[in-house]
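Asker: Generate a structure from the sequence data that follows.
(2 chains)
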Amino acid sequence: MTTFGPPELRDVLEDLFPLPDNGVQDGDFDDAAWSRVTNGGFDRILVPEDLDGAGGDLDALAAAVVAAARASTRIPLVETSLGRGICATLGRDVPEGVVTFFLARQSLGGATRLSFSGVPYGRYADQMVVAAPAEGAGATADVLLVDLATAAIDPAINLADEPRDTVTVARASASWLGRLPFDRLVSEASVLRSLSICGALLGARDLSLSYAQSREQFGRQLIDFQAVQELLVETITATELTLGITRRAVDELVTGDDEARRVLIAEAAGVCAQQSALVCFHAAHQVHGALGFTMEHALQLSTRRLLAWRKEYGTNPGDAAAFGRRVVSSGLDALWNLMTVASPWPGREFAAGTSI
Amino acid sequence: MTMPLGAAAQAEIRAEVRAFIAAEIGAARLVPACDGWSSWFDASFSKRLGEHAWLGMTIPPQYGGHGRSFLERFIVNEELLAAGAPLAAHWIADRQTAPQLLRFGTEKQKRDLLPAIAAGELFVAAGMSEPGSGSDLASLRTTAKRVDGGWVVDGTKLWSSHAQHCHLLVALVRTSPRGEDRHKGLSQLLIDLASPGMSVSPVTTMAGAAHFAEISMSSVFVPDAMVLGREGEGWAQVGAELAFERSGPERFLSVMPLLREAVAMAATGPEADRRELGESMASLWALRLLSEDVNTVLESGRPEVARAALIKNYGTLLERDLVEVSRRLMVDSPWRSERAERLLRHAEVTSPAFTLRGGTNEVLRTIIARAWAR
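Answerer: Numbering: from 1, shown residues only, chains lettered A, B, ... in the order given. Below is the predicted model of the structure:
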């Protein structure tokens, strides 16, 4: 269960992304899951209906991202969805096939060859959408579509064995699509990564809760030990906090009208997700003992993703120091003003109960 | 379910409270202090809040209240808390006694007590814990014995904040002998603190304040009309109030006045301080959203005991951290002031209370873990 998207979507997503029984995963791309996703159009959530998409918003995509991440599904859902959505936003043809997405920190300059490292699923992607700060154009980003047919791929993986390849292409294989606000792209990418972390938190939390109730030690269930309860509460709290603030960050991206607040809450959600990932990582493993420290146990699927994802995406993903500097430069009351602004989406169901 | 309050209406209430706070500070009637909701008892400040219709906000108008939503009350309170206002005089009455009276009280009790609570004229002390019971509330030993027309109470209550300045004690007592189920046979009594046989002795905290009181009751007569709710159902009634007691913004905003000063002074400083501040403030933002949500949901009557416990457990740990974050931000500041120093000292020495009061965090964690495990 997630708290994102329309209710009717949630049941569908549970079937679409079944939770793994154990930690054994064959290969780094789940073809069967990807077929289910593409057949159901879940890779075209951000594409308008008249372009054969689902015409959904980031909230609907959020539901799918959390569900996929909760099940540690090996598919480029975030990248493909975002890539297709950006092209549609720019009024360009929506690329087919597997699309990856890359957010560059510096402008691309005039080099004849372009090289990007840490590209998610680069080896599987047909095309790549790149957003890079536009030279001399203030806060906007150049968006390019790169054909990967002739790309040189240097394969690499992250801590969770997910493909994070170095992709090198000739400049000529990149076509300029247009410009978008850079901050907005950073916020979207960062919030999507926080959503992925929410999914992995849910996965690790639920495994911990069920293990603590099934495992007996010293004649008692683990959950009867106060010390274990404390660890469980760490996983629960990390999950609730991150779900809550990421939910509001999604609301701001979908319906908010204040750019400064949107940027700030996306940052705060990233900082929260990053902290929560580490807290939950350690607590969940401590609950599981040596059993959870094996490749065979499903826990590592969630926890290695927590470790990997907390370092990915955004220009400064979850950079707590940057967020702290903002607080100091603006003063506490300025932050308090932003924190206490009413939800841009009043009356919407919050996390209440549904994530329990 | 009431209609959600629009953003403009929310902003309007917030602006009114902020303007009031600014005027109070300007007139030196409000000196921002940490832990003002629990540490600082100021009857006249509470009275002024009553005059502004900011007490008893969710009490229906026929009982002297203002018929406002839980969210409106949340907004007013979080602004007052963030400003470090002295709220201790009315806090218990407004937060838990009023909802309890509305839910369990007799018509006469509601008519007699609620208007005075909303006016900021009736202050209540919580009579729960005892010298021998601590966090294990059900082990309490104060008894009430049936007599003609009422009850006679004997026993001692401890850790009742500011009871020496309050009018009424809401006491949980044993009204029938302890049996198999020790949660049965407990009742809540509304006891006039001026009753014959009551003796209230302040207990000085390590912060140097006569904050708590010990209340000895020797053959105190309590008329039948002052039983709150149903005889023998006290445990369940107290349980119903816990979500109000634990989910509010007072569980994470106690040190805002200190933090405000510290951030203002921290123009220069090491990177590590900024990181800690950033982490804490992101967590605070997330927790505030949860608290706002729970307080809104409580209006629908949905039980939120577990999420309330989560808010209190994490919020109090967070505010404890924020004391140290503040100290580090201001430690080398050239603008460090005597006022900031005083705020820091008080927050440091008061901080153990954060994670003790309202149910120690260890007890809360058991509640949280079991709730999510279901």
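Asker: Nearest spatial neighbour of B:Val305, chain-adjacent residues omitted?
Answerer: Once flanking residues are discounted, B:Val305 sits nearest to B:Ala243: 5.1 Å by Cβ to Cβ, 6 or more residues apart in numbering or on different chains. The way it works is simple: take the backbone N, C-alpha and C, and place the C-beta from them, glycine included.
Asker: Give the helix, strand or coil label for that neighbour.
Answerer: Classification of B:Ala243 by DSSP: H, G, I helix; E, B strand; the rest coil places it in helix.
Asker: Show me the strands in chain B, by range?
Answerer: According to DSSP state E, chain B carries its strands in the segments B:124-127, B:143-147, B:150-161, B:168-174, B:186-192, B:198-203, B:212-223, B:227-228.
Asker: re the thing from before, the residue nearest to B:Val305 touches B:Ser300, doesn't it?
Answerer: No - assessed by Cβ atoms under 8 Å, B:Ala243 is found out of contact with B:Ser300, at 11.9 Å.
Asker: which stretches of the stretch 151-300 of chain A have low pLDDT?
Answerer: Counting by pLDDT under 70, not a single residue of the stretch 151-300 of chain A qualifies.
Asker: What segments of it are strands?
Answerer: Ranges of strands in the stretch 151-300 of chain A, per DSSP state E, counting those that start in this stretch, are A:152-154, A:164-170, A:174-181, A:216-217, A:220-221.
Asker: Which elements pack onto the longest one?
Answerer: Using 3 or more Cβ pairs under 8 Å, 6 or more residues apart in numbering or on different chains; DSSP states H and E as the contact criterion, the elements in contact with strand A:174-181 are helix A:77-89, strand A:127-133, strand A:140-147.
Asker: What's the separation between the residue nearest to B:Val305 and chain A?
Answerer: Applying Cβ to the nearest Cβ, to the nearest Å, the value for B:Ala243 to chain A is 12 Å.
Asker: got the contact list for that residue?
Answerer: Counting by Cβ atoms under 8 Å, 6 or more residues apart in numbering or on different chains, B:Ala243 touches B:294, B:298, B:303-305, B:307-308.
Asker: 7 Å instead?
Answerer: B:Ala243 makes contact with B:298, B:303-305, B:308, according to Cβ atoms under 7 Å, 6 or more residues apart in numbering or on different chains.
Asker: swap in B:Ala11?
Answerer: A:Ala342.
Asker: Please identify the buried residues of the helix or strand of chain B with the lowest mean pLDDT?
Answerer: Within chain B, no helix or strand scores below helix B:234-246, which has a mean of 90 by mean pLDDT, DSSP states H and E. Residues of helix B:234-246 classed as buried: B:234-235, B:237-238, B:240-246 (neighbour count, 16 or more other Cβ atoms under 10 Å in any protein chain shown).
Asker: Stretch A:238-257 now?
Answerer: A:238-253, A:256.
Asker: So which residues of chain B form helices?
Answerer: B:7-26, B:36-39, B:43-51, B:70-82, B:88-92, B:98-104, B:107-118, B:234-246, B:256-265, B:271-298, B:305-330, B:338-354, B:361-373 (DSSP state H).
Asker: where does the stretch 51-200 of chain B come near chain A, residue by residue?
Answerer: B:78, B:82 (Cβ under 7 Å from any Cβ of the partner chain).
Asker: Can you read off the pLDDT for the residue lying closest to A:Leu195 once chain neighbours are set aside?
Answerer: Closest residue to A:Leu195 apart from its sequence neighbours, by Cβ to Cβ, 6+ apart: A:Val65 at 4.6 Å. At A:Val65, the pLDDT value in this model is 97.
Asker: By residue count, what's the longest helix in chain A?
Answerer: What stands out as the longest helix in chain A, according to DSSP H, is helix A:182-214.
Asker: gap between the residue nearest the centre of chain A and A:Ala131?
Answerer: The centroid of chain A falls nearest to A:Arg193 when counting by Cα atoms, centre = their mean (2.4 Å). With the distance defined as Cβ to Cβ, to the nearest Å, A:Arg193 ends up 15 Å from A:Ala131.
Asker: Repeat that for A:Asp50.
Answerer: From A:Asp50 to A:Ala131 the distance is 24 Å (Cβ to Cβ).
Asker: Which one of the two is surrounded by more residues?
Answerer: Neighbour totals were compared for A:Asp50 and A:Ala131, and A:Ala131 leads with 26 against 8 (other Cβ atoms under 10 Å in any protein chain shown).
Asker: May I have the beta-bridge partners of that one?
Answerer: Here A:Ala131 sits in beta bridges with A:Leu103, A:Val143, going by DSSP bridges.
Asker: Contact partners for it?
Answerer: A:103-104, A:141, A:143, A:180, A:185.
Asker: at 8 Å what do you get?
Answerer: A:86, A:101-104, A:141-144, A:180, A:182, A:185.
Asker: So how do I select the buried members of the residues you listed in ChimeraX?
Answerer: Only the buried entries of the contacts of A:Ala131 go into this ChimeraX selection, using 16+ other Cβ under 10 Å:
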select /A:86,101,102,103,104,141,142,143,144,180,182,185
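Asker: Let me have the strands of the stretch 151-300 of chain A in TSV, extended by distance to B:Phe70.
Answerer: Converted to TSV, these look like this (distance: least, Cβ to Cβ, whole Å):
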stretch	distance to B:Phe70
strand A:152-154	56
strand A:164-170	47
strand A:174-181	37
strand A:216-217	42
strand A:220-221	37
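Asker: Would you mind finding the most buried of those strands?
Answerer: Highest mean neighbour count of these: strand A:164-170, a mean of 19 (counted as mean count of other Cβ atoms under 10 Å in any protein chain shown).
Asker: Using CSV, write out every CA atom in that one.
Answerer: Written as CSV, here are the backbone C-alpha positions of strand A:164-170 (Å, rounded to 0.1, in the frame of the first residue of the first chain):
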residue,chain,number,x,y,z
ARG,A,164,25.0,2.7,-13.6
ASP,A,165,27.0,2.9,-16.8
THR,A,166,29.4,5.4,-18.4
VAL,A,167,27.9,6.4,-21.7
THR,A,168,30.0,8.1,-24.4
VAL,A,169,28.4,9.4,-27.6
ALA,A,170,29.3,11.6,-30.5
